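K.L.:
predicted structure and sequence below. I'll ask about it afterward.
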Amino acid sequence: MDEISTYLIQTMPDKEKFLSGEFYYKAFDENRKTFVPYRLTGVKQASLVGTAFDYLARFEVAKVASDKDCKTLIAEKAISKLWELGYKQECREAQKLYEWSLYVIDEYIHGKGNHSEHKMIDICQFLAVLEHIVRDNTLDEIPMIGQKACDDIKYELLGLIEAFKKYFVTRYVGKNSRVVYNPTFTCCGYADADIWIDGCLYDFKTTKNIGYNENEVKQLWWYVLLHAIDKRHIALGTFQSYDIDSMALYKARCADVDKVKLDKEYVNNCANELEQLLRKYRLYREI
């Protein structure tokens with residue numbers, strides 16, 4: 001709804017309040033060093049890289065943090081969807097590969113076996129294909145199930161994840177970090193973010209635009225307010241019992257974080273007003 005979108009834009013944190021992870025850069029500085037230049041050839045490749053990177057990043061965080069429960073994956077929902085739509089053989093193949101993938105992921109995050117990043121990239125592309133089937137409600141990518149990542153995608157993901165490990169994991173993740181992977185919000189149907197670490201809600205972006213994007217900030221602010229609404233009504237699980245003290249965008253190509261601290265009282269006041277708008281348009285889901 002336009003009124004909800006306008007409300008989010010009017011209330012979300014100002015650009016000037018964000019701080020960059022690198023103290024010598026201003027937030028959203030377009031002159032930041034780009035570690036991984038954009039070389040993809042189409043929208044589909046870019047989308048696959050973005051989703052696959054989310055999975056790769058999650059597993060790298062899990063390797064460090066003591067909380068390694070990161071294998072509740074949206075991708076899994078695609079398997080039953082394939083069966084329901086009559087793609088029986090594809091469903092069987094996806095199920096077999098998915099079970100093997102979970103086994104490899106578990107060994108990878110626990111430092112067992114000898115699984116290369118190339119293998120993990122192929123697995124994460126597979127998971128990205130499944131997730132797109134779920135999220136985009138399209139079957140165009142069914143032929144890609146089980147395919148290995150092409151050279152362009154592999155090149156991008158190798159560079160992005162190396163920068164992520166060097167500049168994000170070493171700074172923002174510790175053995176005792178509290179982590180919620182793929183946190184969800186339920187008061188407005190269903191929405192999910194990338195990751196919550198030690199009070200900060202992060203959204204990972206692999207876009208070539210490393211500057212300010214109003215829609216990216218609006219989306220993250222939307223998640224913050226949905227969490228505040230969920231938290232006020234009932235503790236649905238571990239994540240709802242946690243606070244979001246700050247929100248941040250991680251721009252993967254420059255390996256930098258644009259972060260803003262949040263005022264708890266302001267967030268709660270905005271969440272109250274957003275809840276009224278959700279009820280007005282009958283978008284609020286009773287918990």
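P.N.:
Looks like it came in fine. Computed from a predicted structure; not experimentally measured.

K.L.:
and the residue nearest the centre of the chain, what does it touch?
P.N.:
For the chain, the residue nearest the mean C-alpha position is D194 (2.4 Å; C-alpha atoms, centre = their mean). By C-beta atoms under 8 Å, 6 or more residues apart in numbering, the contact list for D194 reads 54, 57-58, 182, 202-204. Heads up, the C-betas are built off the backbone N, CA and C, glycines and all.

K.L.:
quick one: which of these sit in strands?
P.N.:
Using DSSP state E, 202-204 are the members of the contacts of D194 that sit in strands.

K.L.:
list the buried residues in the helix or strand K44 falls within.
P.N.:
In the assignment (DSSP states H and E), K44 maps to helix 43-64. Buried residues in helix 43-64, counted by 16 or more other C-beta atoms under 10 Å: 45-62, 64.

K.L.:
any low-confidence regions in the chain?
P.N.:
Across the chain, residues meeting the criterion (pLDDT under 70) sit at 23-24, 234-236, 287.

K.L.:
buried residues in stretch 31-44?
P.N.:
Neighbour count says stretch 31-44 has 32, 35-36, 40 buried, by 16+ other C-beta under 10 Å.

K.L.:
of those residues, which is the nearest to G159?
P.N.:
Distance to G159, by C-beta to C-beta, is smallest for V36 among the buried residues of stretch 31-44, at 3.8 Å.

K.L.:
that closest one: what secondary structure?
P.N.:
coil (DSSP: H, G, I helix; E, B strand; the rest coil).

K.L.:
number of nearby residues for the nearest residue to it once chain neighbours are set aside?
P.N.:
Nearest residue to V36 in three dimensions, chain neighbours excluded: G159, at 3.8 Å (C-beta to C-beta, 6 or more residues apart in numbering). Neighbour count of G159, defined by other C-beta atoms under 10 Å: 17.

K.L.:
host element of G159?
P.N.:
Per DSSP H and E: helix 151-164 holds G159.

K.L.:
packing partners of that helix?
P.N.:
Packing contacts for helix 151-164, counted by 3 or more C-beta pairs under 8 Å, 6 or more residues apart in numbering; DSSP states H and E, involve helix 43-64, helix 117-135.

K.L.:
tell me which other helices or strands the last one touches.
P.N.:
In other words, helix 117-135. Short answer (3+ C-beta pairs under 8 Å, 6+ apart): helix 117-135 packs on helix 43-64, helix 77-84, helix 88-109, helix 151-164.

K.L.:
list the contacts of it.
P.N.:
Under the criterion C-beta under 8 Å, 6+ apart, residues 47-48, 51-53, 55-56, 59, 73-79, 81-82, 94, 97-98, 101, 104-105, 108, 138-139, 141-142, 144-149, 153-154, 157-158, 161 lie in contact with helix 117-135.
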